[in-house]
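# Sequence first, then the predicted structure:
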Amino acid sequence: MNRLINWCCFVLFVMAGSSLNAAERNIIFFITDDESPTLGCYGDKAAVTPNIDAVAADGTLFVNAFATTASCSASRSVVMSGLHNHLNGQYGHQHSFHKFASWHNVVSLALPRVIAGSGYRTAQIGKYHVAPEEVYRYETYLKGDGRNAVQMANNCRNFIKDSSDDRPFFIYFGTSDPHRGGGTDKTSTLELKADLFGNKPNKGSFEGVEEVFFDPEDVPIPTFMTDTPETREELAQYYQSCARIDQGVGRLVEILKEAGVYDKTLIVFTADHGMAFSGGKTTVYEAGLRVPFVVRNPYEKNRGVRSTALISHIDITPSLLDFAGGLDQNANAPKNIVNADKYWKDRGENLKDNRGPKLTSYQGKSWINVLGKSAGEHWDSIFASHTFHEIQMYYPMRVVRDEKYKLIWNIAHPLPYPFASDLWAASSWQAQFRKGMDAPYGRKTVGQYIHRAEFELFDIEKDPEEGHNLALSTEYAEILEQYKAKLKAYQKQMQDPWIMKWDYE
């Protein structure tokens, strides 16, 4: 018996020692693919997200967090650079024939580079979708099925528990859920069948996942969509995909606790942009730009906070760098900033052909000092900059939004609004499109959705569903001009080349 007691004490001592000796200020950045704030912690009663809800209850939940563009690849380049697309050079999709990539001099500011430069070991798992790899390079690339966040979490275990390296760790964890894909639901009795959103057909399950199935009759219908059987079936698939993500978050938390580093690890949960439905993804409407954003800082004493601060995806890289101790607050740049010219010259490459605008600081700013404050101030206004999704989808839009008004400038407004291939084929869209231009789609008609006004002005405080375009009303002519000037000033500040479109076309 004494031997058993001594052995147990030894095990506890070793476990305690491993926790005490573990590196401080680790970071896990968890980003999903096409997910709106459809989480229990945001008040969604249909969502099954107990693990994310628990992280939010022990951290800070931002109710006013926004992407700068509702396009997967373009958004991720903003997340990993702290710069808008028009400045980092990645205007749209990176892969295949799209060919968009960031400028080579972004290497000075890129998230994995600057975190590594602050003394971290870095790893990436799941969806990546940015280029060049040399700019956004991680030390370690872990393998995992982007549709199975539980498996992905398990595949991070050894990296998290690695005691051979005393540096703190940074993990970029990117799921492919709840992006559309995987075919359609062949069991549906409808002519237009729902996309599976990565779910296995015939109610199959991924290994290690307890799939949650949703009744189409029970899902809430967002106001930017129309309540149809097709919409309900697609939303049921979407919610199932989101529930699978939550289980991955839960498994990650378990692993962190097993390793004794849960209370030494910053956890950030967000999405690249809103849900993949027309009116959401690829638009700059609220459903496209508004994202879930939960941060658990183990060193912050105030927990369970709902913050109303306006934050943007351009803030992510400087914020994580700030947490890591590598941000020069005065310069709003890395303390150990890399000279891009020297970097590429030392590699035997000429930066001339791949140089973007001069880059010396971030366009975003750290929200670390806002954590734990329900009414903490960050931005007075946010700016959004969308130019492409797929390469054939040129439709530049610029946005300025504050707590009162939101102005959208559809720069290519004479063109019909272009659709991402998966959104065009979606049963939820086709069901209404086939009824004609006068058929309702959310707060608009199909025709109004496709053919946009040059300016869309919304009283976002009174009309959060963006149902009434005030730019068409003479009563708001003065406010329209004020926000045009505000938008133009933002474009100048953010070095947006499309500012010249005010003077011609």
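Thanks, I have it. Numbering: from 1, shown residues only.
# which stretches of the stretch 401-505 of the chain form strands?
With DSSP state E, counting those that start in this stretch as the criterion, the stretch 401-505 of the chain has strands at 405-410, 440-441, 444-445, 455-459.
# Tell me which of those lies nearest to Phe419.
Smallest distance to Phe419 across those (CB to CB): 12.5 Å, for strand 440-441. Placement of C-beta: from N, CA and C, glycine included.
# Show me how far the closest one is from its chain's centre.
Mean C-alpha position of strand 440-441 versus that of the full chain (CA atoms, centre = their mean, to the nearest Å) differs by 27 Å.
# okay, the strands of the stretch 401-505 of the chain in JSON lines with distance to Gly348 and mean pLDDT next?
Below are the strands of the stretch 401-505 of the chain laid out as JSON lines (distance: least, CB to CB, whole Å; pLDDT from 0 to 100):
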{"stretch": "strand 405-410", "distance to Gly348": "43", "mean pLDDT": "98"}
{"stretch": "strand 440-441", "distance to Gly348": "54", "mean pLDDT": "97"}
{"stretch": "strand 444-445", "distance to Gly348": "54", "mean pLDDT": "96"}
{"stretch": "strand 455-459", "distance to Gly348": "49", "mean pLDDT": "98"}
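# Of the ones you listed, which stretch is the most buried?
Among the strands of the stretch 401-505 of the chain, the stretch with the highest mean neighbour count (mean count of other CB atoms under 10 Å) is strand 405-410, at a mean of 24.
# mind listing what that one pairs with, with the direction of each?
Using DSSP bridges, the strands paired with strand 405-410 are strand 397-401 (antiparallel), strand 455-459 (antiparallel).
# circling back to that earlier point, which among the strands of the stretch 401-505 of the chain is found nearest to Gln495?
When the strands of the stretch 401-505 of the chain are compared by CB to CB, strand 405-410 sits nearest Gln495, at 16.8 Å.
# Let's see the closest one as PDB, backbone CA atoms only.
Extracted in PDB, the C-alpha atoms of strand 405-410 (Å, rounded to 0.1, in the frame of the first residue of the first chain):
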ATOM      1  CA  TYR A 405     -24.700  54.100 -40.000                       C
ATOM      2  CA  LYS A 406     -23.200  51.800 -42.600                       C
ATOM      3  CA  LEU A 407     -22.300  52.900 -46.100                       C
ATOM      4  CA  ILE A 408     -21.500  50.400 -49.000                       C
ATOM      5  CA  TRP A 409     -20.000  51.700 -52.200                       C
ATOM      6  CA  ASN A 410     -20.600  49.200 -55.000                       C
END
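# circling back to that earlier point, could the strands paired with strand 405-410 be laid out in JSON lines, adding distance to Ser77?
Listed next are the strands paired with strand 405-410 as JSON lines, based on distance: least, CB to CB, whole Å:
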{"stretch": "strand 397-401", "distance to Ser77": "17"}
{"stretch": "strand 455-459", "distance to Ser77": "26"}
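# looking at those strands, which is closest to Leu351?
Smallest distance to Leu351 across those (CB to CB): 28.6 Å, for strand 397-401.
# tell me how far that closest one is from the chain's mean position?
The answer for strand 397-401 is 18 Å, by CA atoms, centre = their mean.
# Same check on stretch 408-416?
Worked out by CA atoms, centre = their mean, stretch 408-416 lies 24 Å from the chain centre.
# could we number from 31 for the rest of this?
That works, and once the first residue is 31, the last one we named lands at stretch 438-446.
# if we can go back for a sec, got TSV for the strands of the stretch 431-535 of the chain, with distance to Ala317 too?
Converted to TSV, the strands of the stretch 431-535 of the chain look like this (distance: least, CB to CB, whole Å):
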stretch	distance to Ala317
strand 435-440	13
strand 470-471	12
strand 474-475	12
strand 485-489	13
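# Tyr513 is nearest to which of those?
The nearest among the strands of the stretch 431-535 of the chain, by CB to CB, is strand 435-440 at 4.0 Å.
# got the contact list for that closest one?
Applying CB atoms under 8 Å, 6 or more residues apart in numbering, the external contacts of strand 435-440 come out as 314-316, 425, 427-431, 482-491, 496, 501, 509-510, 513-514, 516-517.
# Any of those residues buried? List them.
314-316, 425, 427-431, 482, 485-488, 490, 496, 501, 509-510, 513-514, 516-517 (16 or more other CB atoms under 10 Å).
# State the pLDDT value of His125.
Listed pLDDT for His125 reads 80.
# Then the one 4 residues further on?
Lys129 is assigned a pLDDT of 84 by the prediction.
# From what I see, it and Ile421 are in contact.
Yes. At 7.2 Å, Lys129 counts as touching Ile421 under the criterion of CB atoms under 8 Å.
# In terms of neighbours, single out the busier of the two.
Ranked by neighbour count (other CB atoms under 10 Å), Lys129 and Ile421 place Ile421 first, with 14 against 11.
# That one belongs to a strand, doesn't it?
No. Using DSSP: H, G, I helix; E, B strand; the rest coil, the assignment for Ile421 is coil, not a strand.
# what sits against it?
Gly122, His123, Phe127, His128, Lys129, Phe130.
# Gly122 is in contact with the fourth one, correct?
The reference is to His128. Yes. Assessed by CB under 8 Å, His128 is found in contact with Gly122 at 5.9 Å.
# List the residues that are in contact with both of these two.
Counting by CB under 8 Å, 6+ apart, the common neighbours of His128 and Gly122 are Ser103, Phe418, Glu420, Ile421.
# Do I have it right that the third one meets Tyr121?
No. In terms of CB under 8 Å, Glu420 does not count as a neighbour of Tyr121; the distance is 11.2 Å.
# Could you check which of these two has the larger neighbour count?
Neighbour comparison, Glu420 and Tyr121: the larger count goes to Tyr121, with 24 against 20 (by other CB under 10 Å).
# and the more buried one, backbone torsions?
For Tyr121, the backbone dihedrals (degrees, to the nearest 10) come out as phi -80, psi -20.
# and the gap between it and Ile421?
9 Å (CB to CB, to the nearest Å).
# And Ser105, by the same measure?
Ser105 sits 16 Å away from Ile421, going by CB to CB.
# Excluding covalently adjacent residues, which one is nearest to Gly156?
Of all residues not flanking Gly156 in the chain, Gly204 sits nearest, at 3.9 Å (CB to CB, 6 or more residues apart in numbering).
# hey, where'd the helices end up in the stretch 381-530 of the chain?
Using DSSP state H, counting those that start in this stretch, the helices of the stretch 381-530 of the chain run over 451-455, 457-463, 476-480, 507-523.
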